[in-house]
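Enquirer: When you get a sec, could you give me coordinates for this:
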Amino acid sequence: MRQKTINRCDWVGNTELEQHYHDHEWGKVQKNGHKLFEKICLEGQQAGLSWLTILQKREEYRRCFFHFNPEKIAAMTSIEPLLQNSGLIRHPGKLSAIITNARAYLKMEENGENFSQFIWSFVDNQPIINHYPSFKSIPAQTVISQSLSRELKKRGFVFVGPVTCYAFMQSMGLVNDHIISCFCHS
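Expert: Model prediction:
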């Protein structure tokens, strides 16, 4: 008996980890501020690497960064022990960025700015549904991701360029960039 083929986005590899991530997380609307914070930090870790690399290390990031609890991360005073951990991307700037971003996140809260509401305001609190035929036709950044990047940087975030911000927007469901033949598109 022949097994039915599932049509997924063409960026998805053959690993169970990638397929599960695509099918159950990527592009799903996420409005929880802590989950959004975790993801913007992880997207910054990816810069120059494959997302699969980050997925494989995600649990270790969660362990080392207190499940992305901004208060606990902001209290960290050194990344030295993290630089010895092969379960992380051992890039001093990237690891320090998570601490910097936690402090920026907390500063936003102190100023009465809800992180989720801030993020979702860039798409008027409504996902943008795109209709791309292939992943190659999807832009790496948009005017909205450029604006999000600029505003995050004004608030003290780092490793949040416009390409990183667009990947973040895709993954958190601010934009639906599942290709039209993907079973997740609708």
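Enquirer: mean confidence score for the helix ranked longest in the chain?
Expert: Secondary structure of the chain per DSSP state H: the longest helix is helix 92-110. Mean pLDDT, helix 92-110: 98.
Enquirer: Just the residues contacting that helix, thanks.
Expert: The contact list for helix 92-110 (CB atoms under 8 Å, 6 or more residues apart in numbering) reads 37, 40-41, 44-45, 47, 65, 70-71, 73-74, 76, 79, 82-83, 88-89, 114-115, 118, 152, 155-160. C-beta coordinates here come from the backbone N, C-alpha and C atoms, glycine included.
Enquirer: ChimeraX command to pick out the buried ones of those?
Expert: A single ChimeraX command is used to select the members of these judged buried by 16 or more other CB atoms under 10 Å:
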select :37,40,41,44,45,47,65,70,73,74,76,79,82,88,89,115,118,152,155,157,158,159,160
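Enquirer: neighbours around Ser86, how many?
Expert: By other CB atoms under 10 Å, the residues close to Ser86 number 8.
Enquirer: Let me know the helix or strand that it is in.
Expert: Following DSSP states H and E, there is no helix or strand that holds Ser86.
Enquirer: Who are the contact partners of it?
Expert: If a contact means CB under 8 Å, 6+ apart, then Ser86 has no contacts.
Enquirer: coming back round to it: which ones among the contacts of helix 92-110 are found in strands?
Expert: Using DSSP state E, the subset of these located in strands is empty.
Enquirer: sorry, back to before: what residues sit buried inside the longest helix of the chain?
Expert: Quick answer for helix 92-110 (16+ other CB under 10 Å): 94-106, 108.
Enquirer: Now distance to Phe122 too, for those, in CSV please.
Expert: Putting the buried residues of helix 92-110 into CSV (distance: CB to CB, whole Å) gives the following:
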residue, distance to Phe122
Lys94, 24
Leu95, 27
Ser96, 26
Ala97, 21
Ile98, 22
Ile99, 25
Thr100, 21
Asn101, 17
Ala102, 21
Arg103, 22
Ala104, 17
Tyr105, 16
Leu106, 21
Met108, 14
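Enquirer: With respect to Asn7, which of these is nearest?
Expert: Lys94 (34.1 Å; CB to CB).
Enquirer: quick revisit: check the buried residues of helix 92-110 against Gly33 and report the nearest one.
Expert: Nearest to Gly33, judged by CB to CB, of the buried residues of helix 92-110 is Tyr105 at 8.1 Å.
Enquirer: quick one: the closest one from His34, how far?
Expert: 9 Å (CB to CB, to the nearest Å).
Enquirer: List the buried residues for stretch 164-180?
Expert: Of all the residues in stretch 164-180, those buried under the rule 16+ other CB under 10 Å are 164-179.
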